[in-house]
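A.B. asks: next come a sequence and a model predicted from it.
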Amino acid sequence: MSLDITIKERKEFYCPDCGRLVMAQDIGAECSGGRVWYNFLEPIGYYVPYEKRTDENDWYGEDMVLTEAQAKQLADFVSDNEPYNARDIECLVARALLHGNKVVINADW
């Protein structure tokens with residue numbers, strides 16, 4: 001089985017009156033894959049080995065919104081390990097952080 005990764009930039013729109021989240025829109029996405037990604041997914045809590053998986057930590061196929069610190073770790077990881085499409089992922093993360101948008105990761109294996 002292969003590991004497919006999608007990194008997205010997500011912009012959130014809030015109500016100007018009450019400040020609640022109205023909607024979120026993905027405005028950019030890059031794809032990658034390969035076993036090298038386990039080295040990033042496990043420390044951030046996205047990938048949990050099957051025997052340790054519970055309903056609360058099972059992210060299989062779901063989007064995980066990264067914190068700003070995790071997004072910076074992602075940029076460093078991509079720069080150091082150079083997985084497929086590394087340059088485009090670095091640019092997407094940098095653009096998202098620059099514009100104050102969220103970085104979202106999704107993995108399917």
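C.D. replies: That came through, no problem.
A.B. asks: any regions of this structure where pLDDT drops low?
C.D. replies: 1, 55, 57-59 (pLDDT under 70).
A.B. asks: run me through the strand neighbours of the biggest strand by length in it, direction for each.
C.D. replies: Longest strand in the chain by number of residues (criterion: DSSP state E): strand 21-33. The strands that strand 21-33 pairs with in its sheet are strand 4-14 (antiparallel) (by DSSP bridges).
A.B. asks: list the buried ones in the strand it pairs with?
C.D. replies: For strand 4-14, burial by neighbour count (16 or more other CB atoms under 10 Å) applies to 5-10. Backbone N, C-alpha and C define where each C-beta goes, glycine included.
A.B. asks: do stretch 81-88 as well
C.D. replies: 83, 85-86, 88.
A.B. asks: ok, and what's touching stretch 92-104?
C.D. replies: Outside stretch 92-104, the residues within contact range by CB atoms under 8 Å, 6 or more residues apart in numbering are 7-12, 24, 26-30, 63-66, 68, 70-72, 74-75, 78.
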